[in-house]
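Trainee: Structure here, sequence nowhere to be found:
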């Protein structure tokens, strides 16, 4: 009996050693992926008790005031009693608005970072984003407002349309059928008395299922321009004579967003180190034979509307402010929240080349969301428009920290 027990014990020890050495050999990312990802607002933000960041801002006060005031416009549209989840705590729309008004008074009254830090620690609650797996690290990327050549009619090189939302695209609230689907919706269409998924990108672009229905807003020169406009969510169409028309997100077809950048890495077209919006454009320009295959890997398709404001709108329907607006996962983080971020931004040379990356910190507002921005460890900075914005949005892929602030009750 003792001999059998000893053999069993040796077997257990052997298995334990095998598992230990497998874990040593495994890449860190593989080990981290085994951790449970944050899936609820209550765990997405962690209260900061002692280790506060150093609050300093690398931008001008006017842009911050503009972003906060636009945010207050959103809060004023809500029922004052509407509640937001700030991690484990709840705050009303009225509390959030009064908090941001108090913050704006504070930053407008002093430029002394010492006073600013003392007052924030005294009067505001600070929460840290938990990160993808609770480690506090947030991956920051960027987006911007592209300016694209366009025509109001199909002619010459302008062959690729952008569409407004079709009448047959419907949004179905699944909670009406079963309470377990509370908060879940699908985008669909009706055909032969059946509810079907809406058309995919391939059906819209290659099979032309929407052609001839009068949905075209304008035509662009390059299908990649259409795809990038959809990824950015908004842009300006530059017509002949330099007139520009602002367009923004109106709806999507409901298909999941699949990253074409990730697909190109998996296929070996680009490495993760090379990956950027500019690298994608350059590679596909030189390999037009794979363009459709790459673009159709993402079945999601975005429909637009012509905007009556100069700036693109975020998901809270206020104009975004370049460098001050960010996109986060709206299922985890409170919309319209005042945030503070630390990350890296590019240093651009006179010829438009990146000379390096420098650390920065600033206050920003959570005013948007995106199909690729999922989880407690992702944030997307809206850089505005222009050359710097395009470069920063195209190349930014850095880890940083994100905090959310609200005035103490």
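Mentor: Looks like it came in fine. Note that the structure is a prediction, hence the values are computed from the model and not measured. Numbers count the residues shown, from 1 in each chain.
Trainee: C-alpha from now on. contacts and neighbour counts both.
Mentor: OK.
Trainee: Give the closest residue to residue 330 in space, chain neighbours not counted.
Mentor: residue 369 (6.3 Å; C-alpha to C-alpha, 6 or more residues apart in numbering).
Trainee: To what extent is the one you found buried, counted in neighbours?
Mentor: As a burial measure, residue 369 scores 21 neighbours (other C-alpha atoms under 10 Å).
Trainee: Please look at it and residue 332 and confirm they touch.
Mentor: No. Between residue 369 and residue 332 there is no contact under C-alpha atoms under 8 Å: 10.9 Å.
Trainee: coming back round to it: if I look at the residue nearest to residue 330, how far off is residue 331?
Mentor: Residue 369 sits 10 Å away from residue 331, going by C-alpha to C-alpha, to the nearest Å.
Trainee: can you pull the contacts of the residue nearest to residue 330?
Mentor: Counting by C-alpha atoms under 8 Å, 6 or more residues apart in numbering, residue 369 touches 314-315, 326-330.
Trainee: got it, and residue 42?
Mentor: Residues near residue 42 by C-alpha under 8 Å, 6+ apart: 85-89, 332.
Trainee: just residue 405 next, same as before
Mentor: Per C-alpha under 8 Å, 6+ apart, neighbours of residue 405: 124-127, 337-340.
Trainee: could you redo the last one with a cut-off of 6 Å?
Mentor: 125-126, 338-339 (C-alpha atoms under 6 Å, 6 or more residues apart in numbering).
Trainee: will you turn these into TSV that also has pLDDT?
Mentor: Converted to TSV, the contacts of residue 405 look like this (pLDDT from 0 to 100):
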residue	pLDDT
125	97
126	98
338	98
339	98
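Trainee: So which of these are in strands?
Mentor: 125-126, 338-339 (DSSP state E).
Trainee: Buried ones among these?
Mentor: 125-126, 338-339 (16 or more other C-alpha atoms under 10 Å).
Trainee: Which single one of the residues you listed is nearest to residue 102?
Mentor: residue 338 (11.6 Å; C-alpha to C-alpha).
Trainee: For that closest one, name its beta-bridge partners.
Mentor: Note on residue 338: beta-bridge partners by DSSP bridges are residue 365, residue 405.
Trainee: hang on, it packs against residue 363?
Mentor: No. Using C-alpha atoms under 6 Å, residue 338 is not in contact with residue 363; the gap is 7.2 Å.
Trainee: how about the helices of the stretch 251-400 of the chain, start to end?
Mentor: 260-266, 277-286, 291-296, 387-395 (DSSP state H, counting those that start in this stretch).
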